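[1] Provide a 3D model corresponding to the input given below.
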Amino acid sequence: VQPVESGGGSVQAGESLRLSCAASGSIFSISPMAWYRQASGKQRDFVAAISSDISGGITHYADSVKGRFTISRDKDNDKNMVYLQMNSLEPEDTAVYYCNGGPLSGRNWWNRGYWGQGTQVTVSP
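    Got it, this is the predicted structure:
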């Protein structure tokens, strides 16, 4: 039930990257999905979340990424896909990005119980 991230890499400031998360299992098709990130030496922070299609695909973003990042979800055969389109990247966006989904595990609807292993995003000045 572990989501699998891909799409990380090294870019320069101002460029774009698209992260993908593949999550197999029916629980992911009905649960909100989210992206978090953790910079070196810092806590893991919320980035973006999207509710299930049945719930209308409502999105929510951290203030630091509003207007630059877009979260979306889709189905690819039996996999639930979640994407994070990241535009106008800044050095401050450098972090390991984690996909998150599954059962509720916190006080907010975007706090879910299953985590991927993460994918590194590095933005140079």
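[2] Geometric centre of this structure: which residue is closest?
    Trp35 (2.4 Å; Cα atoms, centre = their mean).
[3] so where do the strands sit in the chain?
    4-6, 9-12, 17-24, 33-38, 44-50, 59-61, 69-76, 79-86, 95-104, 112-115, 119-124 (DSSP state E).
[4] Parallel or antiparallel, which strands does the first one pair with?
    By that I understand strand 4-6. According to DSSP bridges, strand 4-6 forms sheet pairs with strand 17-24 (antiparallel).
[5] What mean pLDDT does the strand it pairs with get?
    Mean pLDDT, strand 17-24: 96.
[6] For the residue nearest to the centre of the chain, list the residues it contacts.
    19, 21, 47-49, 71, 82, 84, 97-100 (Cβ atoms under 8 Å, 6 or more residues apart in numbering). C-beta: built from backbone N, CA, C; applies to glycine.
[7] Now do the buried residues in the helix or strand bottoming out on mean pLDDT in the chain.
    Using mean pLDDT, DSSP states H and E, helix 26-30 stands out as the lowest-scoring helix or strand of the chain, at a mean of 89. Of all the residues in helix 26-30, those buried under the rule 16 or more other Cβ atoms under 10 Å are 27-29.
[8] still on that earlier bit, got a list of what the residue nearest to the residue nearest to the centre of the chain when sequence neighbours are not counted touches?
    Closest residue in space to Trp35, ignoring its immediate chain neighbours: Val47 at 4.3 Å, by Cβ to Cβ, 6 or more residues apart in numbering. Counting by Cβ under 8 Å, 6+ apart, Val47 makes contact with 34-37, 61-62, 65, 69, 84, 97.
[9] Would you show me how to pick out the buried ones of these in ChimeraX?
    To isolate in ChimeraX the members of the contacts of Val47 that are buried, counting by 16+ other Cβ under 10 Å, one can use:
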select :34,35,36,37,61,65,69,84,97
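[10] Could you identify the most distant pair in the contacts of Val47?
    Tyr61 and Tyr97 (14.0 Å; Cβ to Cβ).
[11] Thr70 against Gly57, yeah?
    No. Assessed by Cβ atoms under 8 Å, Thr70 is found out of contact with Gly57, at 12.0 Å.
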